[in-house]
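Enquirer: Fold the stuff below for me.
(one chain, ligands or ions: 1)
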Amino acid sequence: MAEETLLVGRGLTKRYGGVTALEGVDFELRAGEILGLVGPNGAGKTTLVDLISGAQAATAGELVLRGSKLTGPASRRARAGLARTFQYPQLALELSVRDNLLLGWAARRHASLWQMIVGAAAGALRPRVPADEAAVRTLAEELGIEGLDRAAGDLTLGEQRLVEVGRALGQDPLVLLLDEPFAGSDARGVTGIAEVIHTVQRRGHAVILVDHNVDLVARLVDRVMLLDRGRAVFDGGPRECLASPQMQSVYFGSDADTDTDSGDGSPEAQAEVEDVRS
Ligand SMILES: Nc1ncnc2c1ncn2[C@@H]1O[C@H](COP(=O)(O)OP(=O)(O)OP(=O)(O)O)[C@@H](O)[C@H]1O
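Expert: Numbers count the residues shown, from 1 in each chain. Just a heads-up that it's a prediction; the model follows:
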């Protein structure tokens, strides 16, 4: 695995009024690394993704991407090399699957994915770039996305997630942030999303993968960070995390057994991830 440090977070803290969502979280993400972010409801997982992506401003702390401070709004951070997906997929529902995917490629050349979405909804996804269209067709085949002319609003939740992950891949991110990408996905969707994760890794870039399902995450990632009530209580290998006293304490209390599946994610999804882990 490459040794270059891509992204560093130091002392990341977020307070919403009296609620401390995140407190002094440090991490390092290396090139080619897949980092799993796990923890129970309210642990601060989405907040950390929000602080990295720029969806929320940190109360304290700093982020450094390839040696440069990462600051400013989400659009600037996207230009710096971040792409993310959301707990609830954010596609342009009235546009086709093809156009939603094309937005990822188009965003490489434009200021902001969100400006692109608004512009595309108004018919501004022109002129089309043949190379982008070819890349979208290839990606759709690889991910098993069918019916490129369908409106995104007609897709199932799992299909929408796959398209959103595909769009993020089109941005060719240095760091891809995936917030619960498997929820609502069938086995084919899980395979497709896992393929995207490995594609980013093969490019020497990095992925932060958030999910409730610790067993499922552990099969895909190189490292796991366990959050509990806003604090990082474990950072290390997935097997070590599953066996750690911190994991026991966070999920079960100290003397519980080791079934770490929170119940999110289908059995099919888990079986499929077992198969696709490379
Ligand atoms: N906009 C907000 N305003 C106030 N409190 C918030 C806000 N966003 C998050 N919180 C609080 O911050 C804490 C961390 O929330 P966060 O959504 O980051 O957790 P999470 O680990 O992603 O949880 P889940 O797995 O349920 O999505 C929670 O107590 C939550 O209620």
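Enquirer: Contact residues of the stretch 101-250 of the chain facing the ligand?
Expert: Applying C-beta under 6 Å from any ligand atom, we find that the stretch 101-250 of the chain lies next to the ligand at residue 212. (Glycine included, C-beta is placed from N, CA and C.)
Enquirer: Could I get the full set of strands for the stretch 101-250 of the chain?
Expert: Ranges of strands in the stretch 101-250 of the chain, per DSSP state E, counting those that start in this stretch, are 175-179, 206-210, 223-228, 231-236.
Enquirer: Each with direction, which strands does the last one pair with?
Expert: Each strand paired with strand 231-236, and its direction, by DSSP bridges: strand 223-228 (antiparallel).
Enquirer: and the angle from the partner strand to strand 206-210?
Expert: Angle, strand 223-228 to strand 206-210, by axes from the mean of the first three to the mean of the last three C-alpha atoms, to 10 degrees: 40 degrees.
Enquirer: quick one: low-confidence parts of the stretch 1-150 of the chain?
Expert: For the stretch 1-150 of the chain, applying pLDDT under 70 flags the ranges 1-3, 109-128.
Enquirer: Would you agree residue 26 falls within a helix?
Expert: No: per DSSP: H, G, I helix; E, B strand; the rest coil, residue 26 lies outside any helix segment and is strand.
Enquirer: Turn the strands of the stretch 101-250 of the chain into JSON lines, columns for distance to residue 33.
Expert: Shown next, in JSON lines, are those (distance: least, C-beta to C-beta, whole Å):
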{"stretch": "strand 175-179", "distance to residue 33": "10"}
{"stretch": "strand 206-210", "distance to residue 33": "5"}
{"stretch": "strand 223-228", "distance to residue 33": "7"}
{"stretch": "strand 231-236", "distance to residue 33": "12"}
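Enquirer: what would these look like in JSON lines with mean pLDDT?
Expert: Formatted as JSON lines, the strands of the stretch 101-250 of the chain follow (pLDDT from 0 to 100):
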{"stretch": "strand 175-179", "mean pLDDT": "97"}
{"stretch": "strand 206-210", "mean pLDDT": "97"}
{"stretch": "strand 223-228", "mean pLDDT": "96"}
{"stretch": "strand 231-236", "mean pLDDT": "96"}
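Enquirer: dump the residue contacts of residue 57.
Expert: By C-beta atoms under 8 Å, 6 or more residues apart in numbering, the contact set of residue 57 is residue 51.
Enquirer: show me where the stretch 101-250 of the chain has helices.
Expert: For the stretch 101-250 of the chain, helices defined by DSSP state H, counting those that start in this stretch occupy the ranges 113-121, 130-143, 157-170, 187-202, 214-220, 238-243, 245-251.
Enquirer: For the last one, name the packing helices and strands.
Expert: Counting contacts by 3 or more C-beta pairs under 8 Å, 6 or more residues apart in numbering; DSSP states H and E, helix 245-251 packs against strand 223-228, strand 231-236.
Enquirer: let's see 10 Å
Expert: The contact analysis (3 or more C-beta pairs under 10 Å, 6 or more residues apart in numbering; DSSP states H and E) places helix 245-251 against strand 34-38, helix 214-220, strand 223-228, strand 231-236, helix 238-243.
Enquirer: With respect to burial, which of those scores highest?
Expert: When you average the neighbours per residue for each of the helices and strands packed on helix 245-251 (mean count of other C-beta atoms under 10 Å), strand 34-38 leads with a mean of 25.
Enquirer: picking that back up, quick one, which of the helices and strands packed on helix 245-251 gets closest to residue 17.
Expert: strand 231-236 (18.8 Å; C-beta to C-beta).
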